[in-house]
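Q: sequence and computational prediction follow.
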Amino acid sequence: MSSAMKIGSGAPGDSSISWHGSGSFAIRRPKGGFALQLSNETTLFMQKAIYYVSKPIAARGMLELTDRFLHFQVFPFDASFGIKSLSIDVVSIADVTIEKGDLHPKVTVTADRKYEFVLSKGQQLYDRLKELQRNPLQQTRDGATPGKLDCSCGQSVESVYLYCPWCGKKI
């Protein structure tokens, strides 16, 4: 008896996730498709961006900042030239800088090496990365976890939420 579960319709172009009894999973993606994070990470920021692999070489793709990683998924056309996607652990980020560009700001992330990204909402990414760099575990200064807030709907909500899970309003 197999203990595998499959999610997805199986139709052409549909991605599917297979969950195996061993606790692992496999992702089948359509040709040219991509997947970013698949765990319990919380997405904080996501936008199309350009990643400068080296001075003359750049790749277009999707940049996603989660509470644990900064992911850059290279779009299929650029991946066909051998450019690989990357993930940077947030706690390994040593420095973040922003420079004004010709059209859009350039955000430089320094971890094990320098990573340069150009995107229209570069200031938002910079602010989020600086916030995570100062407080990677999102704890208050005294080391305690954040407390609770009261929503306008009358429910008590933990301060880690941006939106009330009961009514959906922004806190």
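A: Nice, thanks for sending it over.
Q: would you map out the domains in this structure?
A: As given by automatic domain parsing, the domain ranges for the chain are 1-31, 36-134.
Q: turn the ones you listed into TSV, including mean pLDDT and distance to residue 155.
A: Every residue, glycine included, has its C-beta placed from N, CA and C. Below are the domains of the chain laid out as TSV (pLDDT from 0 to 100; distance: least, CB to CB, whole Å):
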stretch	mean pLDDT	distance to residue 155
domain 1-31	46	31
domain 36-134	89	20
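Q: which of the ones you listed sits most buried?
A: Of all the domains of the chain, domain 36-134 has the most neighbours on average by mean count of other CB atoms under 10 Å, namely a mean of 16.
Q: mind checking how far it is from the chain centre?
A: 9 Å (CA atoms, centre = their mean, to the nearest Å).
Q: how about the strands in the protein?
A: Along the chain, the segments classed as strands by DSSP state E run 5-7, 16-19, 25-28, 43-52, 58-66, 69-74, 86-89, 95-99, 106-110, 114-118, 148-150, 156-158.
Q: nearest spatial neighbour of residue 83, chain-adjacent residues omitted?
A: residue 59 (4.4 Å; CB to CB, 6 or more residues apart in numbering).
Q: now for the one you found: which residues touch it?
A: By CB atoms under 8 Å, 6 or more residues apart in numbering, the residues touching residue 59 are 50-51, 53, 74-75, 78-79, 83.
Q: can you check residue 115 too?
A: Contacts of residue 115 (CB under 8 Å, 6+ apart): 51, 72, 86, 88, 108-109.
Q: that one pairs with what?
A: When bridges are called by DSSP bridges, residue 115 pairs up with residue 109.
Q: turn the domains of the chain into JSON lines, including distance to residue 150.
A: Below are these laid out as JSON lines (distance: least, CB to CB, whole Å):
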{"stretch": "domain 1-31", "distance to residue 150": "37"}
{"stretch": "domain 36-134", "distance to residue 150": "22"}
